[in-house]
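Chemist: Okay, predicted coordinates and the sequence, questions at the end:
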Amino acid sequence: MTVDQQQPVGAPAPRRRSRRDEILEIAVGLFAAKGYHGVSMDDIGSAAGVTGPALYHHFAGKEAMLVAALIPVSEGLLHGGKERVSRHPEDAHAALTDLIEFHVEFALANPAVIALHLHELARLPEEPRRQIRRLQRLYVEEWVGVLAALRPELDPAEARVLAHSAFGLMNSTPFLGGEVDRHRRAALLREATVYALVGQIGHQ
């Protein structure tokens, strides 16, 4: 996972990576591999080749690193999801296909940050955790709106169940090995997600 990879397709062009970005990338990788409590600031500084004072110049501590890693991802997903839906105002099937492709590409590019979110979100202070949850709810509603247009027999609560099940499929990337190449993994994830949501394979 890199900070640049967190920038979804359709969002503004990413800025040039800074030393802070590089340190954050290393920290996220360590947190995902060893767990939040299994990594110290000294471990991060050593892996990044940064001394203690220089490291604290960029981040106040591990908690600040979690916030810096997770909030931009949630913002980027919401921005990218809205942009994908806006491309297809009259074609819900095309909007869903675009949403699925967008999220699958994100999930394949960012397995470490997905693992971090799954296991460490609860360690954030209340305010950033609430902010992330709000951004996530708004992102889910983009999917719910598309599903409602495609499957009018569903009420909104049912559509949310399906949306969350789709995220479970697509966000499985931290647990996938390298036995299948990336292109094929993307195709399989897209296919499984389409089938889970609308019960048919098509428009891949």
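Modeler: Sure thing, it's come through.

Chemist: and the closest residue to Y36 other than its chain neighbours, how many neighbours?
Modeler: Distances taken as Cβ to Cβ, 6 or more residues apart in numbering place E120 nearest to Y36, at 4.8 Å, with adjacent residues excluded. Every residue, glycine included, has its C-beta placed from N, CA and C. E120 has 20 neighbours, counted by other Cβ atoms under 10 Å.

Chemist: Which helix or strand contains E120?
Modeler: Per DSSP states H and E, E120 falls inside helix 111-120.

Chemist: what sits up against that helix?
Modeler: 1, 6, 28-29, 31-33, 35-36, 66, 69-70, 73, 107, 171, 173-174, 176 (Cβ atoms under 8 Å, 6 or more residues apart in numbering).

Chemist: same check, this time on stretch 82-90
Modeler: Contacts of stretch 82-90 (Cβ under 8 Å, 6+ apart): G10, A11, A94, A95, D98, L99, F102, E142, G145, V146.

Chemist: for S18, what are its contacts?
Modeler: No contacts exist for S18 under Cβ under 8 Å, 6+ apart.

Chemist: Any chance of the backbone angles for it?
Modeler: Backbone torsions for S18, taken as degrees, to the nearest 10, come to phi -100, psi 170.

Chemist: which is the next helix or strand following the helix or strand of the chain with the lowest mean pLDDT?
Modeler: Taking mean pLDDT, DSSP states H and E as the measure, the chain has helix 52-58 as its least confident helix or strand, at a mean of 86. Towards the C-terminus, the helix or strand next in line after helix 52-58, according to DSSP H and E, is helix 62-86.

Chemist: how distant is that next one from the center of its chain?
Modeler: 7 Å (Cα atoms, centre = their mean, to the nearest Å).

Chemist: and the angle for it with helix 111-120?
Modeler: For helix 62-86 against helix 111-120, the angle between stretch directions is 120 degrees (axes from the mean of the first three to the mean of the last three Cα atoms, to 10 degrees).

Chemist: If we go by neighbour counts, what in helix 62-86 is buried?
Modeler: Applying a neighbour-count criterion of 16 or more other Cβ atoms under 10 Å, the buried positions in helix 62-86 are 62, 65-71, 73-81, 83-85.

Chemist: Appreciated, that's everything.
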